[in-house]
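1. let me see the structure of the following:
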Amino acid sequence: MIVTLVGGFIAAHFATILALGSGALGILFGLFRHQQAKAATAQAQAAIAKVGEQQATAEAAAQAHAAQAVENATEAKADVGKLDSDQVNAQLKDLGGLRND
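-> Have a look, this model is predicted:
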């Protein structure tokens with residue numbers, strides 16, 4: 001008798017039970033996906049921060065290298081300014097057969 005009552009209740013309200021079950025599953029799925037999205041966002045933000053740090057480090061290194069290159073060029077220019085034309089031609093020849101006639 002109880003089985004008949006429960007079976008009849010389920011049969012009479014099957015659409016409602018199905019809708020409520022589907023709704024509950026949808027809510028659980030939404031919560032799960034929301035947590036996944038939060039985790040993915042946190043990972044992306046961490047990656048962006050790491051790339052920003054790497055970029056800052058690379059820019060600082062590039063600026064240091066550029067400053068060193070300017071210093072080296074200035075020293076080389078001063079050194080060349082002290083040479084006469086024969087010494088310049090000899091150095092150019094030593095560097096690869098270049099001549100300054």
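
2. what about the protein, any weak spots by pLDDT?
-> For the chain, the stretches with pLDDT under 70 are 97-101.

3. the same query, at a cut-off of 80, please.
-> Counting by pLDDT under 80, the chain has low-confidence residues at 79-85, 88, 91, 95-101.

4. next SSE downstream of the longest helix belonging to it?
-> For the chain, the helix that runs over the most residues, judged by DSSP state H, is helix 14-81. Using DSSP states H and E, the helix or strand that follows helix 14-81 in sequence is helix 85-94.

5. and that next one with helix 14-81, angle?
-> Between helix 85-94 and helix 14-81, the angle comes out at 140 degrees (axes from the mean of the first three to the mean of the last three Cα atoms, to 10 degrees).

6. just give me how far helix 85-94 sits from the chain centre.
-> 49 Å (Cα atoms, centre = their mean, to the nearest Å).

7. output the contacting helices and strands for it.
-> On a contact count with 3 or more Cβ pairs under 8 Å, 6 or more residues apart in numbering; DSSP states H and E, helix 85-94 meets no helix or strand. To be clear about C-beta, it is placed using only N, CA and C from the backbone, and glycine gets the same treatment.

8. and Ile10, what element?
-> Per DSSP H and E: helix 2-12 holds Ile10.

9. got the contact list for that helix?
-> Contacts of helix 2-12 from elsewhere in the structure, counted by Cβ atoms under 8 Å, 6 or more residues apart in numbering, are Ile17.

10. ok, stretch 16-24 next?
-> Stretch 16-24 is contacted from outside by Ile10, using Cβ under 8 Å, 6+ apart.

11. alpha carbons only: can I get it in PDB?
-> Provided in PDB are the C-alpha atoms of stretch 16-24 (Å, rounded to 0.1, in the frame of the first residue of the first chain):
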ATOM      1  CA  THR A  16       7.800  18.700 -11.100                       C
ATOM      2  CA  ILE A  17      10.300  16.200  -9.600                       C
ATOM      3  CA  LEU A  18      12.200  16.200 -12.900                       C
ATOM      4  CA  ALA A  19      12.200  20.000 -13.100                       C
ATOM      5  CA  LEU A  20      13.400  20.400  -9.500                       C
ATOM      6  CA  GLY A  21      16.100  17.700  -9.900                       C
ATOM      7  CA  SER A  22      17.300  19.300 -13.100                       C
ATOM      8  CA  GLY A  23      17.300  22.700 -11.400                       C
ATOM      9  CA  ALA A  24      19.300  21.400  -8.500                       C
END
